[in-house]
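Enquirer: task: produce atomic coordinates for the following.
(2 chains)
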Amino acid sequence: MTIQQSLIEKIRLADRQGANALLDAWATEHGYERLISDVLDPTLLLIGEKWCASGAMTLAQVYIAAKVTEDVLNKIISMRINPSESHPPKGPVVIGNIEEDFHALGRRMVGTFLRAEGWIVHDLGNDVPATVFVDKALEVGARVIGVSAMIMTTALNIKMVRQEIDSRGLTGRIQLAVGGAVFCVSPGLVGEVGGDGTAANALAVPDLFNRLWRQSVEKEAGA
Amino acid sequence: MSGICRPNGVIICCSVLQAEVKFLSEAHWPDRKLIFLPSMMHMHPELLASTLESVLEDELKQGYSVVLVFGDCCAQMMTLEALPGVVRTRGKNCYELLLGPGEYRRLSHEGVFFLMPEWVQRWKEIFTRELGLNRKNATSLMRDMHRKLVYLDTGLMTVPVRELHECFDYCGLPYEVLRIPLTHLSSSIEKALFECRNKGVQR
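Expert: Okay, the predicted model is just below:
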C-alpha cells in the first residue's frame, strides 16, 4: 500500500491521530519539506476525485482531511520550514461567507486547502457585507474573492458582491469565485449570482483560484 | 370533527416544530389541516425536496392553499414556494423562525450552535451515523466552529436534561438553556396565512 493509499484509509476512518502519525513517520525518513508536494497534494487530489465521483464521503471524513492538512501546515510553520520550497507563494486572495450566512465549515476547509497550495488567504469570516469583500480585496491587492453560501436565500446575496465589483469598475480585474452546498445542486446559480466560477468541492478550489487569477492577469494585460 | 367540515387550507411543517405548531394551531388556526414531514430529511435535502413536492402536489390538486413552515432547507424550496397557492414562512431556518432575524443573527455571531427540543432526542444518531463523528472528532469540529451550545426551550416539553448533558459532553462546549416565547413563530405563520389568502385560491 502506498503512503497516499494509507493516508486515504486513515481519513476514511476519520482517524486524525493515525493520519498524523503516518505522515510524521514518512517525514522523518523523507523530510517535512517534501510532505506537501509528495504526499498531501496527491492524496487530496485522489480524495477530491473520489468525492466528486461518488459523493459518498461523510462530513467527518472531509473534516479530517482538512484538519490533517492544517496539522501539516502548522508543523511546517513551527519547524520554520519555508512552505514555498514546495509551493511558491500565491495571491493574496479574500474569502468569506456572504451576508447572513453562518455556515463556516466549507469556507474554513477552503482556506486550509488554499494555504496548503501556497495561497495567502485573508479570511473575513461569516456574514460579510459585499462592500467589505471588495474593500479588503483592494486593500491587500487580491485578484480573487471567494464567497461561500450554504443555502439559496443567502446565495442570492452574492449578487451584491458582483454589483459592487462592477460598480467600482473592477470587472475582470477582481474575479468572483462562488461556492457552497447549494451551488452543487443548482445548475445556473453561478451565473445567476454573477460568479466567474465555482468548484465541485473544497479540494477543487485551489485549481479554480489558479484559473481565476490567470483570467484576472490576462484581463488586465489585455485592457 | 365531522366529515362535512373541510380543512381550511393546509399547513405543511417540519417535525422539528411539531409540538410548537400543533400548540399554536389549536389556539389560533384550529380549522387548518396539519401535515408534518420528518425532520431527519434535512440530512438528505434531495429526499426532502421530492417528498415535499409530492405532498404539495396532492394538496394543491384538491384545491387547498398551503403554508410551508420550513426554512430554506433544500435547494428547490424557492421553486416550491413560488407555486400558486403556496407561501413559505420567512426565515432561513427553524432557529430564525423561533428567534426572529435579529436575535438569530446576534447569537450566530456569538458562535452559538442551536439545539431544538425535537432534535435533541436524536443528536447521537445524527452525529455518529449521519455525520460519522466520533467523540474526538465531534469535539474538535464543534470547538472549531462554535463557542457554545444553546438549547431553545419553547416551554412545551420538559427540558431533556439527560440527553442535553450527553450531547454537551460529547461536543465539549459549554451550554445554556434559553427559554423563548412562540411569538416570532406565530407571527411568521400568521403572515404566511395572510399572504396565502391573497395569493391563491383557498377552499
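Enquirer: for chain A, what is the nearest residue in chain B?
Expert: residue B:132 (3.4 Å; C-beta to the nearest C-beta). Using the backbone N, CA and C atoms, a C-beta is placed for each residue, glycine as well.
Enquirer: quick one, strands of chain B?
Expert: Secondary structure of chain B by DSSP state E: the strands cover B:10-14, B:33-37, B:66-69, B:86-88, B:112-115, B:148-153, B:175-179.
Enquirer: just so I know, which of those lies nearest residue A:219?
Expert: Among the strands of chain B, strand B:86-88 comes nearest to residue A:219, with 40.3 Å by C-beta to C-beta.
Enquirer: tell me what that closest one is packed against?
Expert: strand B:66-69, helix B:77-81, helix B:183-199 (3 or more C-beta pairs under 8 Å, 6 or more residues apart in numbering or on different chains; DSSP states H and E).
Enquirer: so what's residue A:26 closest to, chain neighbours aside?
Expert: residue A:3 (5.4 Å; C-beta to C-beta, 6 or more residues apart in numbering or on different chains).
Enquirer: report how many residues lie close to that neighbour.
Expert: 17 (other C-beta atoms under 10 Å in any protein chain shown).
Enquirer: and it, its phi and psi?
Expert: As for residue A:3, its main-chain torsions (degrees, to the nearest 10) stand at phi -60, psi -40.
Enquirer: ok, now residue A:147?
Expert: Torsion angles, degrees, to the nearest 10, at residue A:147: phi -120, psi 130.
Enquirer: distance check, it against chain B.
Expert: 17 Å (C-beta to the nearest C-beta, to the nearest Å).
Enquirer: and that residue, how many neighbours does it have?
Expert: 30.
Enquirer: got the residues of chain B near chain A?
Expert: Contact residues (C-beta under 8 Å from any C-beta of the partner chain) of chain B with chain A: B:45-46, B:71-73, B:75, B:77-78, B:92-93, B:105, B:108-109, B:131-134, B:136-137, B:140-141, B:144-145.
Enquirer: picking up where we left off before, which residues touch the residue of chain B closest to chain A?
Expert: A:14, A:58, A:59, A:60, A:61 (C-beta atoms under 8 Å, 6 or more residues apart in numbering or on different chains).
Enquirer: buried stuff in the longest helix seen in chain A?
Expert: When chain A is parsed with DSSP state H, its longest helix is helix A:59-78. Burial within helix A:59-78, assessed by neighbour count using 16 or more other C-beta atoms under 10 Å in any protein chain shown, is assigned to A:59-73, A:75-76.
Enquirer: ok, and of those, which contact chain B?
Expert: Within these, those near chain B by C-beta under 8 Å from any C-beta are A:59, A:60, A:61, A:63, A:64, A:67.
Enquirer: how much space separates the third one from residue A:201?
Expert: In this structure, residue A:61 lies at 12 Å from residue A:201, with C-beta to C-beta, to the nearest Å as the measure.
Enquirer: returning to what we had before: how much space separates the residue nearest to residue A:26 from residue A:45?
Expert: 14 Å.
Enquirer: how about the helix or strand where residue A:183 lies, does it reach chain B?
Expert: Using DSSP states H and E, residue A:183 falls within helix A:181-184. Yes: with C-beta under 8 Å from any C-beta as the measure, helix A:181-184 is seen reaching chain B through residue A:182.
Enquirer: let me see the mean pLDDT of that helix.
Expert: Taken as a whole, helix A:181-184 has an average pLDDT of 90.
Enquirer: thank you kindly, that will do.
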